[in-house]
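> Curious how this folds, go ahead:
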Amino acid sequence: MSNPQNNINEIVEPIKEALHLASLSMTGESKKVETTNPLIRVVGGSSKDFWGASVKGVPLRTSGLQGILNYEPSELYITALSGTPLKEVEAALDERGQCLAFEPPNFNSFSTIGGMVASGLSGPARAAAGGARDFVLGLKMINGRAQELVFGGQVIKNVAGYDVSRLLCGSWGTLGVITEVSLKVLPKALCELTFSVEVGQAKAIQLLSNWGQSSLPISASIWSQVNASKPQFGNLFIRLKGAKAAVQTGYQWINKQCAQEKIPVVELDLFESKTLWNSYKNQTADFFLSPPNENDCLWRVSVPPVTPEIKIEAQGTLSPQTWEWNAAQRWLWAPIDLSNDIHTAASRAGGHANLWRVSQRGGIADKEAGVFPSLPGVQQRIQMALQKQFDPSGIFNTRRNQ
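Numbering: from 1, shown residues only. I've put the predicted structure just below:
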């Protein structure tokens, strides 16, 4: 592995150059000399370029920052450089029977640890295990002043000061370049079991609401339509994880509850289970790969789990939907001209929606309608103040997350 400090210097220098160009622009000197756009965008594995506002700026790649620096299985943490492939970290953890409990997605084989933290995305286990930011112990970064900063540490009990390391989770590179990350890891569950019940969306939400009030070891859930033309029919998949006795007892209890309502329960084998959860984690399931027509965009909707079915109609047909996180994260296909309807429905439910993938027909032009809902005034001011502190010259202000 090459010297990490040398590779960090290769990141610092472009930032300093961008700062110089920005200062020339502010003083009016840019009119006297030929300058280029100082805007920088951080690039890891480019696996998430499809999401968020259109990416802009000169690429600043973290590919030179690779390698696991420290892994202490007994202390439940791992530290790696930000350009380290996510699959490499997961492989190292798997060898010791450990994992990243929030199941971060691998949208392609180039996904990096830094990109995982910068995006803040989590997989099917999010509702039970917590989100990506809950597992960030500390990190190192380079801000828009070309300063190397250190936040947090490598121990779970580190609580000193404001938790800036978790603030960087989901910042999308708008505050600076993450160069190193320390993460909390957990042992893999001793027992795992996945089963399905064929129920409509409303019934699935009701069942999960009831089961969620019990002590069942539910680690993930998915509801998917059986047929887009028959939205009232679908499959609810539940994954139980934990001690063998807890999983078996929970499964028996659910079987009994479903038998009383004459709802058949079908257990999946380990291969079927792994394939299912990976297909949702990495969005390779048919639902994500097969838009109903070329005008449909994929929308990500976050709402309280007990929210009734969100009904969006396009030309008299209900939009195809699926959901996970106990119905808190919902996905639906609908054309961009229904953007206001989707945002309004999510807002009325106490949540929000964003454009996840553009349509085949509209392409990047779909993003002109807006990717994210507008932030409330207070949140907007806080976000702008943070960006001003980390990046006063706007070097990283790609507006990717706005």
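> Which residues does the host helix or strand of Leu193 contact?
Assigned by DSSP states H and E, Leu193 belongs to strand 191-198. Here strand 191-198 makes contact (C-beta atoms under 8 Å, 6 or more residues apart in numbering) with 207, 219, 226, 233-244, 246-248, 251, 254, 258, 263-268, 270, 272-273, 276-277. From N, CA and C alone the C-beta is placed, and that goes for glycine too.
> how does it look with 7 Å?
235-244, 247, 251, 258, 263-268, 273, 276 (C-beta atoms under 7 Å, 6 or more residues apart in numbering).
> ok, now stretch 65-75?
With C-beta under 7 Å, 6+ apart as the test, stretch 65-75 has contacts from 1, 4, 7, 78-84, 89, 92, 96, 98, 179.
> And for stretch 180-190?
76-82, 93, 97-101, 113-114, 117, 135-140, 152-154, 156, 241-244.
> First-to-last residue distance for that stretch?
Taking C-alpha to C-alpha, to the nearest Å, stretch 180-190 runs 31 Å from one end to the other.
> Give me the below-cutoff pLDDT ranges for the stretch 1-150 of the chain.
Along the stretch 1-150 of the chain, the parts satisfying pLDDT under 70 run over 1-6, 25-38.
> which residues of it fall in strands?
For the stretch 1-150 of the chain, the strands defined by DSSP state E, counting those that start in this stretch occupy 40-43, 58-61, 68-72, 77-81, 98-99, 136-143, 148-152.
> circling back to that earlier point, can you mark which positions in whichever helix or strand comes after the strand holding Leu193 are buried?
Of the helices and strands lying after strand 191-198 in sequence (DSSP H and E), the nearest is helix 201-212. Neighbour-count burial for helix 201-212 flags Gln201, Lys203, Ala204, Ile205, Leu207, Leu208, Trp211, Gly212 (criterion: 16 or more other C-beta atoms under 10 Å).
> Can you pull the poorly scored residue ranges out of the stretch 301-402 of the chain?
Those would be 397-402, if you go by pLDDT under 70 across the stretch 301-402 of the chain.
> Do a quick rundown of the strands in it.
313-314, 317-318, 321-324, 329-335, 352-357.
> got the CA positions of the longest one in CSV?
These are the backbone C-alpha positions of strand 329-335, laid out as CSV (Å, rounded to 0.1, in the frame of the first residue of the first chain):
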residue,chain,number,x,y,z
GLN,A,329,-39.4,3.5,3.3
ARG,A,330,-41.6,3.2,0.2
TRP,A,331,-40.8,3.0,-3.5
LEU,A,332,-43.1,3.8,-6.3
TRP,A,333,-43.0,4.3,-10.1
ALA,A,334,-44.7,7.4,-11.4
PRO,A,335,-44.0,10.0,-14.2
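> show me the contacts for Ser54.
Residues near Ser54 by C-beta under 7 Å, 6+ apart: Ile364, Lys367.
> From Gln66, how far out is it?
Using C-beta to C-beta, to the nearest Å, Ser54 is found at 28 Å from Gln66.
> partners of the strand holding Leu193 in the sheet?
strand 234-242 (antiparallel), strand 265-267 (antiparallel) (DSSP bridges).
> ok, and which of these has the densest surroundings?
strand 234-242 (a mean of 22; mean count of other C-beta atoms under 10 Å).
> Who are the packing partners of the following helix or strand past it?
Downstream of strand 234-242, the first helix or strand assigned by DSSP H and E is helix 244-260. The elements that helix 244-260 packs onto, with contact taken as 3 or more C-beta pairs under 7 Å, 6 or more residues apart in numbering; DSSP states H and E, are strand 191-198, strand 234-242, strand 265-267.
> rewinding a little: and the strand holding Leu193, what's buried?
Quick answer for strand 191-198 (16+ other C-beta under 10 Å): Glu192, Leu193, Thr194, Phe195, Ser196, Val197.
> what's the answer for stretch 165-185, then?
165-166, 168-185.
> end-to-end on that stretch?
16 Å.
> Stretch 153-164 now?
11 Å.
> Could you do stretch 137-149 as well?
15 Å.
> Please apply the same query to stretch 364-383.
Termini of stretch 364-383 sit 25 Å apart (C-alpha to C-alpha).
> Can you name the residues in contact with that stretch?
Contacts for stretch 364-383 (C-beta under 7 Å, 6+ apart): 52-54, 297, 336, 339, 343, 352-355, 358-359, 402.
> same question, stretch 83-103
So stretch 83-103 is contacted by 44, 62-68, 71, 73, 78, 80, 104, 106, 109-114, 116, 122-126, 129-132, 135, 183, 185-188, 281 (C-beta under 7 Å, 6+ apart).
> Which of the residues you listed are buried? Put it as a PyMOL command.
In PyMOL, this line selects whichever of these come out buried by 16+ other C-beta under 10 Å:
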select buried, resi 44+62+64+65+66+68+71+78+80+104+106+110+111+112+113+114+116+122+123+124+125+126+129+131+132+135+183+185+281
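> Filter the contacts of stretch 83-103 down to the ones in helices?
Ile113, Gly114, Met116, Arg126, Ala129, Lys281 (DSSP state H).
> Nearest to His20 among these?
Distance to His20 across the ones in helices among the contacts of stretch 83-103 (C-beta to C-beta) is lowest for Gly114, with 25.2 Å.
> Could you measure from that closest one over to Glu103?
For Gly114 relative to Glu103 (C-beta to C-beta), the value is 18 Å.
> again, but for Ile254
22 Å.
> what does Glu267 give?
21 Å.
> Please apply the same query to Val378.
The value you get for Val378 to Glu103, if C-beta to C-beta is used, is 32 Å.
> what about the two, which has more around it?
Neighbour comparison, Val378 and Glu103: the larger count goes to Glu103, with 23 against 8 (by other C-beta atoms under 10 Å).
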